[in-house]
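S.K.: sequence first, predicted coordinates after that:
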Amino acid sequence: MKKSKLKSMSISEASDFFDGRDIFEFEDVKEVTDIEFKLQRKKYVGLDMGLFKKIQNKAKKLHKNEDALIQEWLLEKVG
């Protein structure tokens, strides 16, 4: 199967596909041996629900996630 077909599969389709196959049937498959990532610590703050609803509406209009929009605004204010 071509890589492009694998990339366009849904998780469910990929699951069904690989349920009937051995992963090592594919020549270019390599075992992942080392993964590096850094977890970022986060601080959660409380918001008044009325204010949060306004942020949700604004984010929806801008086609953004509320968290991303709040982060953007805070970065603009505090640098």
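M.R.: Yes, it's here.

S.K.: spatially, what comes nearest to I23 if we skip its sequence neighbours?
M.R.: Using C-beta to C-beta, 6 or more residues apart in numbering and skipping residues adjacent in sequence, the residue nearest I23 is V29, 5.7 Å away. For glycine as for every other residue, the C-beta is placed from the backbone atoms N, C-alpha and C.

S.K.: skipping its backbone neighbours, what lies nearest the spatially most central residue of the chain in space?
M.R.: When the chain is reduced to its mean C-alpha position, the nearest residue by C-alpha atoms, centre = their mean turns out to be N65, at 11.3 Å. Distances taken as C-beta to C-beta, 6+ apart put A59 closest to N65, at 6.5 Å, once the chain neighbours are dropped.

S.K.: same deal with Q56?
M.R.: E66 (5.5 Å).

S.K.: can you give me the helices for the chain?
M.R.: 3-7, 11-19, 49-61, 66-78 (DSSP state H).

S.K.: name the helices or strands packed onto the last one?
M.R.: Counting contacts by 3 or more C-beta pairs under 8 Å, 6 or more residues apart in numbering; DSSP states H and E, helix 66-78 is packed against helix 49-61.

S.K.: equivalent analysis for the third one, please.
M.R.: Contacts defined by 3+ C-beta pairs under 8 Å, 6+ apart place helix 49-61 against helix 66-78.

S.K.: in the helix it packs on, what counts as buried?
M.R.: Neighbour-count burial for helix 66-78, counted by 16 or more other C-beta atoms under 10 Å, picks out 69-70.

S.K.: show me what that helix is in contact with.
M.R.: 52, 55-56, 58-59, 62, 64 (C-beta atoms under 8 Å, 6 or more residues apart in numbering).

S.K.: if any of these are buried, put those into a PyMOL selection.
M.R.: Selecting only the buried entries of these in PyMOL, with 16+ other C-beta under 10 Å as the criterion:
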select buried, resi 55+59
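
S.K.: now render the contacts of helix 66-78 as a markdown table, adding distance to F17 and pLDDT.
M.R.: Shown next, in a markdown table, are those (distance: C-beta to C-beta, whole Å; pLDDT from 0 to 100):
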| residue | distance to F17 | pLDDT |
| --- | --- | --- |
| F52 | 41 | 96 |
| I55 | 40 | 96 |
| Q56 | 37 | 96 |
| K58 | 41 | 96 |
| A59 | 36 | 96 |
| L62 | 37 | 96 |
| K64 | 34 | 95 |
